[in-house]
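Trainee: got a structure for you, letters missing:
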């Protein structure tokens, strides 16, 4: 299998992001505020905690965007809100010709949005669709939706801007923020949307970054006190974003080392390993026998996490050994029996190699080939 994973930033580049993010903090918060848990409630004039508003300002400044907004409902709700204001119910949305992320599909169904597809891997086809179809907005997912995706999000957004300067472009930045050099708004998109839970932040908090006028409308619509992100939650978002870049860069480096070891026959029973964004950057490990399900069961007994929590959330420390993602299986269902997905999380390459080797050998010893 040939894949085209996103290029991760180096540990040095990640360190620079951390330093710059902290610098942005110091320009918004007085020092004593960083030693508190923030305020609560709907402050008159803001309709949200003052701490939350300041955290939004830090995030906007860091991404060199006009504004930012923290929302309840994680990345899913951030995308849902963005589509609600840019494409609007009943509108037409341009998407990549690939399986749409399941929670995004729910949003499209909720709003009765019609989808127009173009292959983002082919900029000529994208241009043709942009020139000949009625489109109200576009959605670009930065990570891969199928194994052979290879498009450059910056070039895709650039083509859209060139042909349709006023077209609202929403980017799904989940699994990409703080891992790659730029997010959608930094490449010219209208709004970037992502989950802060995937960035060592609190459960259930999403973020929208970008156009100040659209975000102002969303804030006005999002007036209920129960919908506000409280000060302590916003502070946890800030702390997570501080530590995420370096942590994620270390994980990416570990993934690369395991990839090289596996393809140098470090583990008997592995046919080949590939790095892919599915959705996080992970190892797709093809086994030489159809024993994937049993290997996953054995890996759990050896200390591997059997499923994700928030895809690199603060709870995910040990390596995760899991099935191939649903969107990848949709493109090739046969992968389920012979391939597993591994994310090192906070572990080192030695731990991943040991668990994988012992799991495969234990399955083979018990003659547990999964041929069902």
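Mentor: That came in fine, so what should we check first? Just so it is clear, the structure is predicted and the values come from calculations on it, not from any experiment.

Trainee: count of neighbours near residue 190?
Mentor: Residue 190 sits with 22 neighbouring residues when counted by other Cβ atoms under 10 Å. C-beta: built from backbone N, CA, C; applies to glycine.

Trainee: Next, give phi and psi for residue 159.
Mentor: Phi and psi for residue 159, reported as degrees, to the nearest 10, are phi -60, psi -40.

Trainee: State the pLDDT value of it.
Mentor: At residue 159, the pLDDT value in this model is 97.

Trainee: again with residue 368
Mentor: The score at residue 368 is 50. That number is its pLDDT.

Trainee: before we move on, what about residue 371?
Mentor: Checking the pLDDT column for residue 371, the value is 45.

Trainee: what's the answer for residue 331, then?
Mentor: At residue 331, the model reports a pLDDT of 68.

Trainee: next one: the one 4 residues further on
Mentor: Model confidence at residue 335, expressed as pLDDT, equals 85.

Trainee: Please report how far the closest residue to it other than its chain neighbours lies from residue 330.
Mentor: Counting by Cβ to Cβ, 6 or more residues apart in numbering, residue 335 lies nearest to residue 324, which is 4.9 Å off, once chain neighbours are set aside. Distance of residue 324 to residue 330, given as Cβ to Cβ, to the nearest Å: 10 Å.

Trainee: who's more crowded, those two?
Mentor: Each of residue 324 and residue 330 has its neighbours counted (other Cβ under 10 Å); residue 324 has more, 24 against 14.

Trainee: roughly how far apart are that one and residue 258?
Mentor: 17 Å.

Trainee: And for residue 148, nearest residue in space, chain neighbours not counted?
Mentor: With Cβ to Cβ, 6+ apart as the criterion, residue 148 has its nearest non-adjacent residue at 6.8 Å, and that residue is residue 2.

Trainee: what residues are up against the one you found?
Mentor: By Cβ atoms under 8 Å, 6 or more residues apart in numbering, the residues touching residue 2 are 147, 148, 274.

Trainee: how about a cut-off of 10 Å?
Mentor: Remark: with contacts taken as Cβ atoms under 10 Å, 6 or more residues apart in numbering, residue 2 is in contact with 147, 148, 150, 274, 276.

Trainee: Among those residues, the buried ones, what's the ChimeraX command?
Mentor: To isolate the buried members of these in ChimeraX, using 16 or more other Cβ atoms under 10 Å:
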select :147,274,276
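
Trainee: For the contacts of residue 2, which two are the farthest from each other?
Mentor: Across these, no pair lies farther apart than 150 and 274, at 13.4 Å, counting by Cβ to Cβ.

Trainee: Quickly list what's touching both of these two.
Mentor: Taking Cβ under 10 Å, 6+ apart as the contact definition, residue 150 and residue 274 share the neighbouring residues 2, 3, 5.

Trainee: tell me the SS of the first one?
Mentor: Translated: residue 2. Secondary structure, DSSP: H, G, I helix; E, B strand; the rest coil: residue 2 is coil.

Trainee: Same question for the one 5 residues further on.
Mentor: Residue 7 falls in the coil class when you classify it by three-state DSSP.

Trainee: Roughly how far does it sit from residue 304?
Mentor: Distance of residue 7 to residue 304, computed by Cβ to Cβ: 27 Å.

Trainee: which residues in this structure form strands?
Mentor: The residue ranges that make up the strands of the chain, judged by DSSP state E, are 67-72, 92-96, 114-118, 137-141, 169-172, 191-195, 205-210, 270-277, 281-287, 320-322, 339-343.

Trainee: Quick one, which of the ones you listed gets closest to residue 41.
Mentor: Comparing the strands of the chain against residue 41 with Cβ to Cβ, the closest turns out to be strand 67-72 (15.0 Å).

Trainee: on that earlier part again, redo the strands of the chain as TSV? Include mean pLDDT and distance to residue 232.
Mentor: Compiled in TSV, the strands of the chain are given as follows (pLDDT from 0 to 100; distance: least, Cβ to Cβ, whole Å):
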stretch	mean pLDDT	distance to residue 232
strand 67-72	98	12
strand 92-96	97	36
strand 114-118	97	39
strand 137-141	97	31
strand 169-172	98	27
strand 191-195	98	18
strand 205-210	98	11
strand 270-277	91	32
strand 281-287	93	31
strand 320-322	97	28
strand 339-343	96	29
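
Trainee: So for residue 128, which of the ones you listed sits nearest?
Mentor: Nearest to residue 128 among the strands of the chain is strand 114-118; the distance by Cβ to Cβ comes to 7.8 Å.

Trainee: Mind listing residues that contact the closest one?
Mentor: 87, 90-98, 100, 105, 108, 125-130, 132-136, 138-139, 156, 159-160.

Trainee: Could you turn the buried ones of these into a ChimeraX selection?
Mentor: Under the burial definition 16+ other Cβ under 10 Å, those of these that qualify are selected in ChimeraX by:
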select :87,91,93,94,95,96,97,98,100,108,126,129,130,135,136,138,139,156,159,160
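
Trainee: Thanks again, I'm all set now.
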